[in-house]
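**Student:** just to be clear, the model below is a prediction. Sequence and coordinates:
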Amino acid sequence: MRISEIFGLGKTQAELDFVDIDVTRDLPLFLDPFFLGLRKDKWSTEATLTLRSFFQKLIDLIRNGDEDNAKALFDYLHEENSTCLGMSVGEPGGKGVGQGDSLKIYENILKSKAIQTGLIQDIQDNILFVDYFGKDKLSDMTTNIIKSHLIEYTIAQCNLHNIPVTNNIPTGFFWSRQDEQWITQYSSVLVINGKPILLVPKGVVSFSEDYTPTNYYNHFVLNFLQNENIKLNTALVQERKDGRKFVTKEDLKEENPFNKDFLRKFTLKYPEVLDKFKAELKVDPLKNIEISDVSVKNICKALGEKLVAIPSGNASASAFHNIVTGILELLFYPDLIYPVKEREIHQGRKRIDISFDNASKEGIFYRLAENMKLPCQYIFIECKNYSSDPVNPELDQLAGRFSVNRGVVGFLICRNFIDRPLFIQRCIDTYRDGRGLIMPLIDQDLINLLDNHSEYNRTFFDKYLSDIIREITID
């Protein structure tokens, strides 16, 4: 059963920020540190810094000849089944870092001399240059090293969706970049059927089809060698009828068969090819339909119908907040990720404030920071299930959470407006006073965005929000 089914969340993968794993079997996805390192949101940045801390420690120890302590770093790496990601069949297990594998991995890294020569700069480079090291082992290593970040994320998602956790459970070892060593502690943990479970953001998993030695070899190394042979007019060069010269990849493969030893020697001689490989790889977050067999169009229709069926008022505040969270996850992904429930207050009216990490690399949330110079590392959401228009105290409440360090952009989401021009004027006043940008959205706005939502084209979404921003920020 999937997490959403076990805890009766009533949500599809498109409405959830984490990968909705089946705890009885592995899902063929991987934590990809190359992909993780490309992202600029706070969670991914922190996790990447931890990864780099571990690998830099390994590099320093090996280059200083301290092989005993370098080898000891691998004593804490093991097959990590708590994410239920990988390639095993049946019960989670598979071909990750199993017992005894960690020593073999270390020996192969040492044997390759890739660290000593400076060939390997990042942990994901091991895939390219170290024998018997594939994406499954890299994913397991990454999970072990950044486990504390995954625990933090899991607790936040459990809090958001009211999933119970068990307190004071040993975490197992994870890498501490502050202490530069493996440590363990006690923490709240999601436990299902006696097994600790780590939730993983869907925005940081991949099939790992791009950062592979075969892709590097076929599309970068051989392309480079084709041009070099033509430039030097070697015996491999052939000529077309129109006089153009060419070299076939088949001939190059015969002369330079694919293996990691060849890749190591080639890259030491031509490091610029590896730089080009890393610079040109474009890795996009997986779409919901790539993670789960869902019809996003049908989900959008169902969400719109559920939204309008919820009555306004205090009694239905939780239902309104819950469905809006799912709608925003679907609409905002992959630009905004990692929704966190800030606080909940039961004083007459339930109020749930949510913040998202801004992970955008393009589009409206990227332009707010780059073009309008509005800090927005976090985007804040305030939901109001009122039957009347929100007024100044509600805007002040949201604006009061803004700061340069946290961000000054947010959404106030309510059911309808009796006097929309007046509310927009209040947003204009807040913006002109330098207290931040607040964008209002009502049921009909959400329905319009759902009706026109596409995982492949965000033009409508981008323009829709841009028009609201223009209305507030331009005289």
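**Tutor:** Right, received. Where do you want to start?

**Student:** use CA for all of it now, contacts and neighbours both
**Tutor:** OK.

**Student:** show me the shaky parts of the stretch 151-300 of the chain.
**Tutor:** 208-209 (pLDDT under 70).

**Student:** how about 80 then?
**Tutor:** 207-209, 282-283 (pLDDT under 80).

**Student:** residue ranges of the strands in it, please?
**Tutor:** Counting by DSSP state E, counting those that start in this stretch, the stretch 151-300 of the chain has strands at residues 166-170, 174-176, 181-183, 186-192, 195-197, 205-206, 238-239, 245-246.

**Student:** next, the angle strand 166-170 makes with the longest one.
**Tutor:** Translated: strand 186-192. 110 degrees (axes from the mean of the first three to the mean of the last three CA atoms, to 10 degrees).

**Student:** note down every partner strand of strand 186-192 and its orientation.
**Tutor:** strand 166-170 (antiparallel), strand 195-197 (antiparallel) (DSSP bridges).

**Student:** buried residues in that strand?
**Tutor:** By neighbour count on 16 or more other CA atoms under 10 Å, the buried set for strand 186-192 is 187-191.

**Student:** which of these lies closest to residue 433?
**Tutor:** Residue 433 has its nearest neighbour among the buried residues of strand 186-192 in residue 188, at 42.2 Å by CA to CA.

**Student:** identify the residues contacting that closest one.
**Tutor:** Applying CA atoms under 8 Å, 6 or more residues apart in numbering to residue 188 gives the contacts 155, 165-169.

**Student:** skipping adjacent residues, who's closest to it in space?
**Tutor:** Distances taken as CA to CA, 6 or more residues apart in numbering put residue 167 closest to residue 188, at 4.1 Å, once the chain neighbours are dropped.

**Student:** quote the end-to-end distance of stretch 244-254.
**Tutor:** End-to-end distance for stretch 244-254, by CA to CA, to the nearest Å: 22 Å.

**Student:** ok, residues contacting that stretch?
**Tutor:** Counting by CA under 8 Å, 6+ apart, 222, 225-226, 229-230, 236-240 sit against stretch 244-254.

**Student:** spell out the secondary structure type for residue 412.
**Tutor:** strand (DSSP: H, G, I helix; E, B strand; the rest coil).

**Student:** OK, contacts around it?
**Tutor:** 381-384, 395, 398, 438-441.

**Student:** out of those, which sit inside helices?
**Tutor:** 395, 398 (DSSP state H).

**Student:** nearest to residue 48, of the contacts of residue 412?
**Tutor:** For the contacts of residue 412, the nearest to residue 48 is residue 381 (26.9 Å; CA to CA).

**Student:** go ahead and confirm that closest one touches residue 409.
**Tutor:** No - counting by CA atoms under 8 Å, residue 381 sits too far from residue 409 to count as a contact (9.1 Å).

**Student:** run a quick neighbour tally on the closest residue to residue 276 other than its chain neighbours.
**Tutor:** The shortest distance from residue 276 to any non-neighbouring residue, by CA to CA, 6+ apart, is to residue 220 (7.9 Å). Other residues lying near residue 220 total 16 when counted by other CA atoms under 10 Å.

**Student:** state the distance from residue 220 to residue 125.
**Tutor:** Where residue 125 is concerned, residue 220 sits at a distance of 15 Å (CA to CA).

**Student:** and residue 215, by the same measure?
**Tutor:** From residue 215 to residue 125 the distance is 13 Å (CA to CA).

**Student:** equivalent analysis for residue 136, please.
**Tutor:** Going from residue 136 to residue 125 by CA to CA gives 14 Å.

**Student:** same check, this time on residue 382
**Tutor:** 43 Å.

**Student:** ok, back up a step: the residue nearest to residue 276 contacts residue 277, correct?
**Tutor:** Yes - at 6.5 Å, residue 220 counts as touching residue 277 under the criterion of CA under 8 Å.
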